[in-house]
Structure formats: C-alpha cells, structure tokens
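Visitor: Sequence and predicted model, in that order:
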Amino acid sequence: MIVDGRSFRATVLTLYPEMFPGHLGTSLSGRAMERGQWSLDTVQIRDFATDRHRTVDDTPAGGGAGMVLKPDVLARAIDHVGEGRPRLLMSPRGKPLTQARVRELAAGDGVVIVCGRFEGVDQRVIEARSLEEVSIGDYILSGGEPAALIVLDAVVRILPGVMGNDLSGLHESFEDGLLEHPHYTRPQVFEGREIPAVLTSGNHGAIDKWRKAEALKLTAERRPDLLAKMATKSTSQG
C-alpha cells in the first residue's frame with residue numbers, strides 16, 4: 001500500500017553499506033518499507049575510485065592528523081545518484097537537525113544522505129554538489145552512518161500512514177516548540193505513586209490545560225533555550 005500515490009526514496013552514500021537498513025528494517029519503518037511507503041538504497045563510495053587500490057581518501061592539505069574523503073571520488077558517487085532530492089551531508093559542524101526540517105524532508109519525494117568518514121569531506125565537493133551539512137548533536141561519531149539512520153528514523157515515522165494514528169506525531173516534543181508533557185497509564189497506583197487526578201477526571205479542557213502547563217514547566221527546567229527561541233520569534237513577528 002502506497003499512501004497518497006507516492007513513495008519516499010532514500011539513498012545513502014557510504015563506505016559501509018552493510019550498516020543499512022539496520023533498525024529501520026524492523027518495527028514501524030520496516031513494515032512501511034514492506035508496504036512500499038518508502039525505500040532505501042545504498043551506494044558504495046569506494047566503487048567510484050579509479051585506481052587499483054580503490055583509494056577514497058588522502059592526507060589533508062596543509063598537514064594535520066587523519067585523512068580526508070577525496071572530492072573526485074565522492075562527486076562521481078553523487079552524480080551517479082542524480083539530482084532532484086535534497087542532498088545531506090552528516091557532519092558535526094552542520095546545522096542542528098530540527099523537527100521542522102524533518103517535516104520538510106518528509107513532505108518531499110526523498111533524500112540523498114552522504115556519510116562522512118575520517119576527518120571529513122573535501123570542502124570543494126560540498127560546495128560543488130550543494131551538500132547541506134546536518135548535525136544530530138554536539139558530539140563526534142566514528143562516521144555518518146549512525147547519524148543517517150537517525151535522520152531517516154525521524155523522517156520515516158511521520159510519513160503518511162506509517163504510524164497507526166497520524167495524530168500521534170502532532171503531540172510530541174518539539175512539534176510546538178516545547179518538550180512533551182509527562183505520560184501515564186494503568187495501573188492507577190504504581191509503587192505508591194498515583195496518576196494525576198486531572199487525567200482521570202474526564203474534563204478534557206482541564207486535561208489540555210494541565211498538559212500545556214506541564215510541557216512549559218519541563219521545557220523551562222530542561223531546555224530554557226527553546227523558550228528563549230520562542231520569545232525571540234514572537235517578538236520578531238510582533
């Protein structure tokens with residue numbers, strides 16, 4: 001079953017294609033792949049090296065530690081995939097991934113993701129092939145593959161028809177700029193801790209008010225930067 005007549009196409013350029021689909025082949029994303037709602041292809045970057053050793057990296061210009069992915073090899077791999085979809089490069093120096101960007105990607109036909117390795121990618125191919133550098137956090141991984149899996153996980157789960165209840169994705173952390181409110185379920189009492197009475201009151205207005213207040217409280221405690229961002233946005237729009 002392909003929902004709304006389209007299938008999301010993901011292509012990952014990597015030196016380790018065996019790392020995919022990883023966890024994306026199970027659970028919601030795996031079943032969605034089986035239904036044809038999205039597809040995942042991998043391209044082995046090393047296949048586009050031209051020397052007999054299939055060399056994909058070289059020493060950094062100007063000296064320094066590590067190696068750098070060669071622009072000519074990577075460019076050939078990217079050109080093989082073709083144009084028409086956003087091209088992401090997973091990089092710790094990229095713009096932080098946001099839920100807003102995830103929704104933009106999910107609304108399109110697909111994405112091409114380049115997984116860096118070593119010290120990074122030659123800047124010239126980043127510019128020449130219009131790669132959008134994206135970061136999943138302020139830390140360093142051994143390569144872009146785990147980050148690519150995270151991006152695709154975030155995107156695929158909100159594709160139309162993937163989640164059993166499409167409204168689920170509208171009431172989560174970051175969707176409205178806040179962290180999500182706490183959740184509870186039965187039993188009514190767990191180790192002496194009760195479900196807040198308002199949640200079992202049947203008063204949906206009071207429940208909505210409580211959830212909003214709790215979301216604001218958690219955000220203020222754990223991510224005050226999000227509230228500051230919301231305040232700045234509100235001031236600029238006013």
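Guide: Happy to help now that I have it.

Visitor: now G94, what's its secondary structure?
Guide: G94 falls in the strand class when you classify it by DSSP: H, G, I helix; E, B strand; the rest coil.

Visitor: same thing with H23?
Guide: H23 ends up helix, using three-state DSSP.

Visitor: which residue ranges form the helices in the chain?
Guide: For the chain, the helices defined by DSSP state H cover 27-34, 71-81, 99-106, 123-128, 145-156, 204-222, 224-237.

Visitor: Comparing those by mean pLDDT, which bottoms out?
Guide: Confidence, taken as mean pLDDT, is least for helix 224-237 of the helices of the chain (a mean of 83).

Visitor: Single out the most deeply packed of the helices of the chain.
Guide: Highest mean neighbour count of these: helix 145-156, a mean of 22 (counted as mean count of other Cβ atoms under 10 Å). In this view, the C-beta of every residue, glycine as well, is placed from N, C-alpha and C.

Visitor: Next, the angle from that one to helix 99-106.
Guide: Following axes from the mean of the first three to the mean of the last three Cα atoms, to 10 degrees, one obtains 80 degrees for the angle between helix 145-156 and helix 99-106.

Visitor: Give me the angle between helix 145-156 and helix 27-34.
Guide: Relative orientation of helix 145-156 versus helix 27-34 (the same axes, to 10 degrees): 80 degrees.

Visitor: Would you mind writing the CA trace of helix 145-156 as CSV?
Guide: What follows is helix 145-156, C-alpha atoms only, in CSV (Å, rounded to 0.1, in the frame of the first residue of the first chain):
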residue,chain,number,x,y,z
GLU,A,145,26.1,6.2,9.2
PRO,A,146,24.5,6.2,12.7
ALA,A,147,23.5,9.9,12.1
ALA,A,148,22.0,8.9,8.8
LEU,A,149,19.9,6.2,10.4
ILE,A,150,18.7,8.7,13.0
VAL,A,151,17.6,11.2,10.3
LEU,A,152,15.8,8.5,8.4
ASP,A,153,14.1,7.2,11.5
ALA,A,154,12.8,10.7,12.3
VAL,A,155,11.5,11.2,8.7
VAL,A,156,10.0,7.8,8.0
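
Visitor: before we move on, the earlier item: among the helices of the chain, which is nearest D51?
Guide: Of all the helices of the chain, it is helix 71-81 that lies closest to D51, at 9.6 Å by Cβ to Cβ.

Visitor: If you count contacts, what does that closest one end up packed against?
Guide: The contact analysis (3 or more Cβ pairs under 8 Å, 6 or more residues apart in numbering; DSSP states H and E) places helix 71-81 against strand 8-14, strand 38-44, strand 110-115, helix 123-128.

Visitor: Perfect, that will be all.
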